[in-house]
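Visitor: have a look at this prediction, sequence included:
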Amino acid sequence: MLLNQFLLLAAVLFCIGVYGVLVRKNAMLVLMSVELILNAVNINLVAFGALQDDVGGSVFALFTIAVAAAEVGIGLAIVLLMYRNRRSIDLSEADMLKG
Amino acid sequence: MSALLAAASADADIYVAQNVFFGVIAITMIWAALRVVTTSNVVHAALWLVVVLAGVAVQFIFLGAEFVAVTQVLVYIGAVIVLFLFGVMLTRASMGDDESVAREKRAMAAITGVLLFAVMAVALVDSFEDVRLVIDEPQSTTLVSDSIFSQYIVPFEAVSVLLLAALIGAIVVARRD
């Protein structure tokens, strides 16, 4: 199999994730788009690990999975706090810091 | 690009089944990812995300990384999606549609995504034109665990501390007091 087919698939997923982060207003959906981006990066890591015949790619993909789990936990806590305070998780309304 | 196609067709003779499977799963994943970022229902978006994550696990198996694939299923489909669904339940007032985004904002985001993909695709095709992956046998979990606990022990401990900090942080942030 070609290396490029995995890398291009990861690039497509990454770009779809970027589109989602830019276009979504619901904080939950933004977090889901971030997950798409992180998964694209994981495919790249494992593909390059397979290319080099090295376990480093897999190991760092595992680290990325752990960090992504932590990120989702913290992100959902922040979204819950935002919902509790403002009764809305619309990111375009979160402009309290605006001067 | 033509070199890539020629290499792909030469390669297809050896790995026919894998390439067909790869294509089917890649198209499914891309379709599901597009639904994640376009559907207006938050629960449906989470369920489409499950399809993408399962597809990523299959890609890991194609790449011979069995342990990462299993971890992907356990952590992402098992835990992260459940967290998302809990988040959706707890913030249910926002279940409404996400369609109020201005058309020009949508267009700008689409242009950004397409341009980003064009740049990455050109760079990738240019640098890894017909590099082959030879995956004879799956990566042994023994090797992965050995290198986590010897060569990569410092990042492993750092990730452990990070997870603990994230756990405590999530409790502190979300606690009602």
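Guide: Cool, got the structure.
Visitor: run through chain A and note the low-pLDDT ranges.
Guide: A:99 (pLDDT under 70).
Visitor: show me which helix runs longest in chain A.
Guide: What stands out as the longest helix in chain A, according to DSSP state H, is helix A:56-86.
Visitor: for it, packing partners?
Guide: Packing partners of helix A:56-86 (3 or more C-beta pairs under 8 Å, 6 or more residues apart in numbering or on different chains; DSSP states H and E): helix A:27-52, helix B:66-71, helix B:81-90, helix B:141-148, helix B:153-174. Yep, even glycine has a C-beta here, placed from its N, CA and C like the rest.
Visitor: now the helix or strand encompassing residue A:6 and helix A:27-52, what's the angle there?
Guide: Per DSSP states H and E, residue A:6 falls inside helix A:3-23. Here the directions of helix A:3-23 and helix A:27-52 differ by 160 degrees (axes from the mean of the first three to the mean of the last three C-alpha atoms, to 10 degrees).
Visitor: now do helix A:3-23: distance to the chain's middle.
Guide: 11 Å (C-alpha atoms, centre = their mean, to the nearest Å).
Visitor: quick one: that helix near chain B?
Guide: Yes - contact of helix A:3-23 with chain B (C-beta under 8 Å from any C-beta of the partner chain) involves A:3-9, A:11-20, A:22-23.
Visitor: could you flag which of those residues are buried?
Guide: Neighbour counting over these (16 or more other C-beta atoms under 10 Å in any protein chain shown) leaves A:3-9, A:11-20, A:22-23 as the buried ones.
Visitor: circling back: among the helices and strands packed on helix A:56-86, which is nearest residue B:102?
Guide: Among these, helix A:27-52 comes nearest to residue B:102, with 16.5 Å by C-beta to C-beta.
Visitor: tell me the buried residues in that closest one?
Guide: Quick answer for helix A:27-52 (16+ other C-beta under 10 Å): A:27-51.
Visitor: my read: residue A:76 touches residue B:87, true?
Guide: Yes - counting by C-beta atoms under 8 Å, residue B:87 is a contact partner of residue A:76 at 4.4 Å.
Visitor: which residues are common contacts for the two?
Guide: residue A:31 (C-beta atoms under 8 Å, 6 or more residues apart in numbering or on different chains).
Visitor: which helices and strands sit right next to the longest helix belonging to chain B?
Guide: Taking DSSP H as the criterion, chain B has its longest helix at helix B:103-127. The contact analysis (3+ C-beta pairs under 8 Å, 6+ apart) places helix B:103-127 against helix A:3-23.
Visitor: give me the angle between the helix it packs on and helix B:103-127.
Guide: 160 degrees.
Visitor: which residues touch residue 32?
Guide: Let's take chain A. So residue A:32 contacts A:20, B:36, B:45-46, B:49, B:84 (C-beta under 8 Å, 6+ apart).
Visitor: sorry, I should have been clearer: chain B.
Guide: Contacts of residue B:32 (C-beta under 8 Å, 6+ apart): B:48-49, B:51-52, B:55.
Visitor: same thing but at 10 Å, please
Guide: By C-beta atoms under 10 Å, 6 or more residues apart in numbering or on different chains, the contact set of residue B:32 is A:13, A:16, A:36, B:47-55.
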